[in-house]
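Enquirer: sequence first, predicted model second:
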Amino acid sequence: MNNFLTEHLIHRDDDFMVIHKPPGLLTVPGKTEDLQDCLINRLVELEPRTLLIHRLDRDTSGILVFALTREGQKIISRQFQERQTDKTYHAIVAGTLEGEGTVDVPVIYDPSRPPLHIAEPNHNKPALTHWQAIEHFEIQGQPVTRVKLTPITGRSHQLRVHMQYLGHPIIGDTLYATAEQQQLMPRLCLHAEQLSFIHPKNAEKVEFYCPAPF
C-alpha cells in the first residue's frame, strides 16, 4: 500500500496532498461490499488525516486534491463550490471535431437508466463546458480528436454527456459511446490534467499538472 502512495503522490504539504488517481478506482466507497476498495480508503490507511474535497468518476484518471486539516478542507472545498478553481481535462473523442466552442446544456440524472445522465435543455440547473480541439488522428482506422475540456460547472458525468451531446462521445466510454467507440481503447479516455486553486494557508495560487497517459 505504501507503494501506492509513492507511485501516485504529486504533492504534499501540511494542509493537503495532490494525488494522481488511476482509472478504474472509485474515489469513495460504493454501497455494496465489493465496492469498498477506493482511493480515499487507501489513503486513510496511510494518512488517517485524509479528508475528501472532490471526486472523479471511477473510470476517469488524473488529479485529485485531499485535505489534511479541517480548515484546509473547508477553504479548498469552498473554492470548488464557488467555482474559483481552474480545472482542465484531456480527452479523446470520436470523429473529427474542429475548432473550439462551448456546450451550455443542463445535465441531469436519468432515474429510468441508472447510472446514466442526460442532457436536458429545459432543466434549470446550468452545466457549462468549454472545449478545444487539439489534434486529429486515427485509432484502428477510425477518426478521433484529442481535445482539451474545461468544465465551468461540476455536474456528475458532465463532460461525458456534453461530448455525447455534440455527437462526439469520449472513446472508451462504456456508458455514452457506441460499442465500436468503446472498443477503440481499453479505458475511458478522460483525464484530469491540470488543477489550480488558492493555497489555504498562504493565499497564493498553486497549480498542479499531470499529463494524460494516452
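Expert: Structure received.
Enquirer: can we go C-alpha only for contacts and neighbour counts from here?
Expert: Will do.
Enquirer: element containing residue 62?
Expert: Assigned by DSSP states H and E, residue 62 belongs to strand 61-67.
Enquirer: got the CA positions of the helix or strand that comes right after that strand in CSV?
Expert: Next helix or strand after strand 61-67 toward the C-terminus (DSSP H and E): helix 70-81. The C-alpha atoms that make up helix 70-81 are tabulated as CSV, following Å, rounded to 0.1, in the frame of the first residue of the first chain:
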residue,chain,number,x,y,z
ARG,A,70,-10.3,20.6,8.6
GLU,A,71,-9.5,24.2,7.9
GLY,A,72,-7.8,23.2,4.6
GLN,A,73,-10.8,21.1,3.7
LYS,A,74,-13.2,24.0,4.4
ILE,A,75,-11.2,26.6,2.4
ILE,A,76,-10.4,24.4,-0.7
SER,A,77,-14.0,22.9,-0.8
ARG,A,78,-15.4,26.4,-0.8
GLN,A,79,-13.3,27.3,-3.8
PHE,A,80,-14.8,24.3,-5.7
GLN,A,81,-18.3,25.2,-4.6
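Enquirer: just to revisit the earlier point, could you check the angle the strand holding residue 62 makes with helix 70-81?
Expert: Between strand 61-67 and helix 70-81, the angle comes out at 130 degrees (axes from the mean of the first three to the mean of the last three C-alpha atoms, to 10 degrees).
Enquirer: list the buried ones in strand 61-67?
Expert: 61-67 (16 or more other C-alpha atoms under 10 Å).
Enquirer: restricting to C-alpha, output the lowest-mean-pLDDT helix or strand in the chain in PDB.
Expert: Using mean pLDDT, DSSP states H and E, helix 2-8 stands out as the lowest-scoring helix or strand of the chain, at a mean of 88. Provided in PDB are the C-alpha atoms of helix 2-8 (Å, rounded to 0.1, in the frame of the first residue of the first chain):
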ATOM      1  CA  ASN A   2       2.900   2.300   0.700                       C
ATOM      2  CA  ASN A   3       4.000   1.800  -2.900                       C
ATOM      3  CA  PHE A   4       0.600   3.100  -4.000                       C
ATOM      4  CA  LEU A   5       1.100   6.500  -2.300                       C
ATOM      5  CA  THR A   6       4.700   6.700  -3.600                       C
ATOM      6  CA  GLU A   7       3.600   6.000  -7.200                       C
ATOM      7  CA  HIS A   8       0.600   8.400  -7.100                       C
END
